[in-house]
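Novice: A predicted structure for the sequence below; I have some questions about it.
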Amino acid sequence: MNIGKKIKSIREAKGMTAKEVVSADVLDDEEKKIVFSLVDAFVGKKKLQDALSNALKMAH
């Protein structure tokens, strides 16, 4: 996909969820890996924050 078509596709995907964008082939395989890695990192961060918050609540 050339860069012009990719930009147009990304603009069209603006209202889509991340899952819809990834499944709609707007991103190439490498970009999909990056998106999934970022999502995994954010989910992991949230789980860690929740665990630490719960531990602090239990300590008081």
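Specialist: Done, it's in. Residues are numbered from 1 along each chain as shown.
Novice: Residue 45 versus residue 38, what's the distance?
Specialist: Distance, residue 38 to residue 45, by C-beta to C-beta, to the nearest Å: 11 Å. Where you see a C-beta, it was placed from the backbone N, CA and C, and this is true even at glycine.
Novice: actually residue 57, sorry about that
Specialist: The value you get for residue 57 to residue 45, if C-beta to C-beta is used, is 19 Å.
Novice: And for residue 51?
Specialist: Counting by C-beta to C-beta - residue 51 and residue 45 are separated by 11 Å.
Novice: same question, residue 56
Specialist: The gap separating residue 56 from residue 45 is 16 Å, by C-beta to C-beta.
Novice: what does residue 23 give?
Specialist: Here residue 23 is placed at a distance of 24 Å from residue 45 (C-beta to C-beta).
Novice: Tell me how many other residues surround residue 34.
Specialist: The number of residues packed around residue 34, counting by other C-beta atoms under 10 Å, is 11.
Novice: Could I get the pLDDT score of it?
Specialist: The model reports residue 34 with a pLDDT of 85.
Novice: just the helices in the protein please.
Specialist: Using DSSP state H, the helices of the chain run over residues 3-12, 18-23, 29-59.
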